[in-house]
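Chemist: no sequence on hand, only this structure:
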């Protein structure tokens, strides 16, 4: 029992530290987003924002749209939800837009597919 209490305390402190690190990353990403420009190259995006948390790709009309997601907020529930990330979209390795509204109105609509039963 004496050993269990320090282990639990250490685990709590470690998890709290992870949250603080994520908050700092989210803040840095929000600041770095202000530096983005339409037409920035993929390499420029990586230099400004770093490695994305996750990414997606969509092919349509012979072109591939690549979306990189960066953490820009964090809720204390430790669940990763879409509203904690800002998407940045690229076509031909150049930034075409970013933000949830851009993603929802431009990218997500393009990827919606209706399958009809025969």
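Modeler: On my side now, so go ahead. The model shown is predicted, which means the values in this text are computed figures rather than measured ones. Residues are numbered from 1 along each chain as shown.
Chemist: from here on, contacts and neighbour counts on C-alpha atoms
Modeler: Will do.
Chemist: contacting residues around residue 87?
Modeler: Residues in contact with residue 87 (Cα atoms under 8 Å, 6 or more residues apart in numbering) are 67, 68, 69, 70, 98, 99, 100, 103.
Chemist: quick check: which element contains it?
Modeler: Counting by DSSP states H and E, the element that carries residue 87 is strand 85-91.
Chemist: and the next element down the chain from that strand?
Modeler: With DSSP H and E setting the assignment, the helix or strand that follows strand 85-91 is strand 94-98.
Chemist: got the angle between that following strand and strand 85-91?
Modeler: 140 degrees (axes from the mean of the first three to the mean of the last three Cα atoms, to 10 degrees).
Chemist: name the helices or strands packed onto strand 94-98?
Modeler: If contacts are counted by 3 or more Cα pairs under 8 Å, 6 or more residues apart in numbering; DSSP states H and E, strand 94-98 sits against helix 42-49, strand 85-91.
Chemist: orientation of it relative to helix 42-49 in degrees?
Modeler: On the basis of the same axes, to 10 degrees, strand 94-98 is oriented at 50 degrees to helix 42-49.
Chemist: so residue 100 makes contact with residue 86?
Modeler: Yes. Proximity of residue 100 to residue 86 meets the contact threshold set by Cα atoms under 8 Å, at 6.1 Å.
Chemist: quick one, helices of the chain?
Modeler: If you assign secondary structure with DSSP state H, the helices in the chain sit at 4-33, 42-49, 100-102, 108-111.
Chemist: flag every buried residue along the second one.
Modeler: Residues of helix 42-49 classed as buried under the neighbour-count rule (16 or more other Cα atoms under 10 Å) are 42, 44, 45, 48, 49.
Chemist: wait, which of these is closest to residue 75?
Modeler: Within those, distances to residue 75 taken as Cα to Cα reach their minimum at residue 49, with 20.8 Å.
Chemist: what residues are up against the closest one?
Modeler: 29, 32, 33, 70.
Chemist: biggest separation within those residues, which pair?
Modeler: 32 and 70 (10.4 Å).
Chemist: since that was my last question, I'll sign off now.
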